[in-house]
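>>> Predicted model, plus sequence, below.
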Amino acid sequence: MSEHELPADDGYSENRQNRDESENRGKNEQLPKDIDLSDSEYYLNRELSQLEFQKRVLHEALDERNPLLERVKFLAIFTTNMDEFFRKRVGGLKQQMAANVTETTPVGRTPVEQWEEVLGIAREMFTTQSAVYADEIHDALADEGIDIVPHDDLAPGERQELREYFQSSVLPTLTPLTFDPAHPFPFISNLSLSLAVLTRESNDDEPVFSRVKIPGNRPRLVQIGTDTTLVPLEEVVAANLDLLFPNTEIIHHSTFRVTRNAEVAKNEEVAEDLIDMIESVLRERRFATVVRLEIEADMPDRVRELLVEQLGVDEREVFERPTPLGFDDFMPLVELDEPGLKLDTWTPQPHPRLSPTDDELDIFEEIRSDDVLVHLPYHSFDETVQKFLEQAATDPNVLAIKLSLYRTASDSKVVQSLIEAARNGKQVAVMVELKARFDEQNNLDWGKRLEEEGIHVAYGTLGYKTHSKTALVVREEADGVRLYSHIATGNYHSETAKTYTDLGLFTADREIGQDLTDLFNFFTGHTHHEDYRSLLIAPGNMREQFTWLIRNEAELAREGKDARIIVKMNALEDPKMVEELYRAGMAGVDIDLIVRDICRLRPGVKAVSETVNVYSIVGRFLEHSRIYYFGNDGDPRYFIGSADWMTRNLDDRVETIAPVTDPDLRSELQTILDVMRNDNRKCWEMNSDGTYRQRQPGDERSRDTHRTLIKRVQHVDE
């Protein structure tokens with residue numbers, strides 16, 4: 001039996017009958033008569049929980065303790081997050097409504113009720129975002145010499161400078177689209193900023209509507225001269241409409257922004273070609289239903305009514321907002337050379353065992369000696385993950401490289417290493433997931449590029465989305481063929497590795513390598529394994545093993561033994577896992593859940609979850625890693641990997657979770673968990689009603705998770 005395998009004498013044996021008995025053990029425990037864990041009151045709504053997360057993101061823009069440009073960054077991030085929320089979650093609700101779905105969800109709401117509640121909460125959040133910019137951030141930027149001014153406030157010379165810029169660099173890119181009996185209503189692209197313009201040629205004419213798209217390939221904030229005086233591009237365009245509509249009276253102009261549904265469903269079972277299907281989805285997404293219309297607050301009623309009618313939106317989907325619309329375009333401000341207005345620059349550090357200063361480092365020898373744990377962005381992606389792939393590509397003893405690619409950078413060095421490996425005569429196989437939302441086109445392009453190099457490419461798995469982040473290197477050595485594995489929580493993406501916290505395990509463990517071999521055979525062939533030697537794999541054994549691990553802690557607690565669960569993940573959505581945690585909590589298990597985003601479990605409910613705490617860390621880096629800890633009466637088990645406890649991860653995706661057995665690496669994982677639970681600056685605690693309260697340092701020393709871990713990797717004492 002592998003040292004990683006859950007022991008048979010604890011109920012998880014190779015015998016299916018014994019395993020099923022273990023599965024049923026926790027389920028058969030009697031609950032108090034007045035507690036029905038199927039009751040919707042115990043499960044928070046997914047959409048509302050996600051909006052609670054977005055409130056925490058928005059708070060980073062509101063928090064005056066943050067540097068000014070850090071606040072601007074979170075204004076932009078909040079916009080991007082809410083754009084995606086409307087495209088995916090609100091879009092999904094609209095699809096259910098269009099299909100006349102009237103059944104209530106597990107939390108007792110119909111799609112219409114959820115949609116109405118979501119729109120109301122989002123409206124309040126947008127009001128808060130606009131207000132903090134207008135009342136605080138705009139003036140604070142001006143005080144620091146970053147002055148975003150209306151075009152009307154400019155001096156005549158400055159206006160002329162911008163007019164010349166408009167004529168030379170903007171006007172040639174514009175295409176006014178008029179709506180009249182001779183022209184159909186123009187197509188409005190997703191998330192594009194537009195001007196709604198009313199014109200007429202004489203006083204006797206009816207006003208004519210035209211749409212002018214603000215070009216996304218021009219800077220949104222136009223700089224005047226060498227000063228940091230900036231004017232929104234839409235105001236530059238509006239001030240020079242006479243050049244676009246000569247010999248015409250400009251009656252009115254105002255900005256608007258459209259959000260379209262991203263939920264375009266296709267049936268894989270009947271699709272003849274997955275690539276054709278994805279390309280079809282991308283085409284249809286461009287013309288999908290509008291789920292939100294943002295308009296400038298002083299837009300005339302006649303224009304508003306025209307947009308509502310032609311775009312087919314409900315009045316409740318119209319969001320009147322003061323300008324500017326779309327703060328995502330303000331992200332370039334964060335890159336200004338203003339060190340006093342932002343956090344200290346962070347450069348990921350060398351890994352202590354994979355030092356870039358050692359030109360003679362043999363990364364395979366290092367992994368062979370002991371497992372290696374990489375923690376991004378505290379450690380450098382280039383000097384760890386990328387180095388592993390680069391050495392594999394050129395090492396004459398490497399026979400094969402296999403890798404699952406969910407998302408990667410547009411100029412991916414990872415892909416370049418795979419191409420180099422193929423050119424060096426190595427067998428290379430890559431699982432490219434075409435259904436990675438909003439990265440479909442990028443992955444299509446990379447897949448075709450890899451195929452051109454003779455690399456074996458599998459495009460997803462029928463019926464599942466492959467979310468696993470794994471790589472396998474097969475190497476011939478003196479004592480035979482050895483397997484080197486990398487199992488990670490994050491993507492092979494050099495850019496997100498700078499701002500997402502992720503973990504990766506390098507190991508030469510034979511059984512983990514054999515499990516990955518089976519997994520890659522599943523990707524490229526049609527074999528489907530349910531039993532694995534060491535890894536937790538979905539679909540397969542993952543849900544079953546996590547269920548067993550939770551129930552084992554509950555049984556230990558009932559026996560009066562030490563029982564504890566600590567889980568760090570991005571989302572806890574699966575009702576069955578929530579119920580298992582409730583049952584464990586009722587048995588007396590101490591449970592700490594560090595959940596960045598959606599959490600449907602309610603902590604602190606009398607007689608149900610009084611031993612459960614839920615935390616969320618929102619700060620400098622996006623918390624993306626997953627860590628699973630089960631106390632096991634003093635003999636703890638640790639796991640990391642790609643899966644959250646969401647139904648889609650456990651049942652509908654290919655996911656990989658790996659055990660971590662090395663004592664030093666376990667200690668590292670425990671330190672991360674302890675730092676996060678002790679955070680009193682960026683940590684939020686969930687109330688039993690699903691709302692959150694942020695911890696405050698008070699008279700204590702401030703303990704910020706990201707700052708603490710930065711100082712730790714720098715070997716600097718706080």
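That came through, no problem. Numbers count the residues shown, from 1 in each chain.

>>> In the strand or helix carrying residue 709, which of the residues would be classed as buried?
Per DSSP states H and E, residue 709 falls inside helix 705-713. By 16 or more other CB atoms under 10 Å, the buried positions in helix 705-713 come out as 705, 706, 707, 708, 709, 710, 712, 713. Any C-beta I mention is one placed from the backbone N, CA and C, and that applies to glycine too.

>>> what's near enough to touch the closest residue to residue 68 other than its chain neighbours?
Using CB to CB, 6 or more residues apart in numbering and skipping residues adjacent in sequence, the residue nearest residue 68 is residue 341, 4.6 Å away. Residues in contact with residue 341 (CB atoms under 8 Å, 6 or more residues apart in numbering) are 67, 68, 69, 144.

>>> Compute the distance between residue 604 and residue 580, please.
18 Å (CB to CB, to the nearest Å).

>>> cool, residue 361 as well?
Taking CB to CB, one finds residue 361 at 44 Å from residue 580.

>>> So for these two, which sits in the more crowded spot?
residue 580 (24 against 16; other CB atoms under 10 Å).

>>> For the stretch 501-650 of the chain, which segments count as helices?
Listed in chain order, the helices found in the stretch 501-650 of the chain under DSSP state H, counting those that start in this stretch are 510-524, 542-558, 575-586, 647-651.

>>> With distance to residue 88 added, can I get these in a markdown table?
A markdown table is the format used below for the helices of the stretch 501-650 of the chain (distance: least, CB to CB, whole Å):
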| stretch | distance to residue 88 |
| --- | --- |
| helix 510-524 | 26 |
| helix 542-558 | 24 |
| helix 575-586 | 20 |
| helix 647-651 | 12 |
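
>>> do you know which of the ones you listed lies nearest residue 226?
Closest to residue 226 of the helices of the stretch 501-650 of the chain, according to CB to CB: helix 647-651, at 51.1 Å.

>>> Summarise which helices and strands the closest one is packed against.
strand 536-538, helix 542-558 (3 or more CB pairs under 8 Å, 6 or more residues apart in numbering; DSSP states H and E).

>>> Quick one: those as JSON lines, columns for distance to residue 110 and mean pLDDT too.
Output for the helices and strands packed on helix 647-651, formatted as JSON lines (distance: least, CB to CB, whole Å; pLDDT from 0 to 100):
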{"stretch": "strand 536-538", "distance to residue 110": "30", "mean pLDDT": "95"}
{"stretch": "helix 542-558", "distance to residue 110": "28", "mean pLDDT": "98"}
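
>>> In TSV, list the ones you listed along with distance to residue 397 and mean neighbour count.
Shown next, in TSV, are the helices and strands packed on helix 647-651 (distance: least, CB to CB, whole Å; neighbours: other CB atoms under 10 Å):
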stretch	distance to residue 397	mean neighbour count
strand 536-538	28	25
helix 542-558	33	22
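
>>> Tell me which of those lies nearest to residue 574.
Using CB to CB, these put helix 542-558 closest to residue 574, at 8.3 Å.

>>> just to revisit the earlier point, neighbour-wise, which one of the contacts of residue 341 leads?
For those, the largest number of neighbours (other CB under 10 Å) sits with residue 69, at 22 neighbours.

>>> if I've got this straight, that one is in a helix?
Yes. Under DSSP: H, G, I helix; E, B strand; the rest coil, residue 69 sits within a helix.

>>> Isn't residue 222 up against residue 162?
Yes. Using CB atoms under 8 Å, residue 222 is in contact with residue 162, at 6.6 Å.

>>> so what sits against both of those two?
231, 236.

>>> low-confidence ranges in the protein?
1-30, 104-108, 263-288, 356-359, 434-440, 443, 446, 460, 526-527, 718 (pLDDT under 70).

>>> biggest helix in it, by residue count?
helix 111-132 (DSSP state H).

>>> Give me the contacts around the next helix or strand after that helix.
Next along the chain after helix 111-132, taking DSSP H and E as the criterion, comes helix 138-143. If you take CB under 8 Å, 6+ apart as the criterion, helix 138-143 is touched by 68, 72, 147, 148, 333.

>>> Make TSV out of those residues and add distance to residue 432 and secondary structure.
Shown next, in TSV, are these (distance: CB to CB, whole Å; DSSP: H, G, I helix; E, B strand; the rest coil):
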residue	distance to residue 432	secondary structure
68	41	helix
72	35	helix
147	46	strand
148	42	strand
333	35	helix
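
>>> Which member of those is positioned nearest residue 113?
Closest to residue 113, out of all of these and judged by CB to CB, is residue 72, at 35.6 Å.

>>> Tell me which residues touch the closest residue to that closest one other than its chain neighbours, please.
Spatial nearest neighbour of residue 72, excluding adjacent residues (CB to CB, 6+ apart): residue 333 at 5.2 Å. Contacts were defined as CB under 8 Å, 6+ apart; by that measure residue 333 touches 69, 72, 141, 146, 221.
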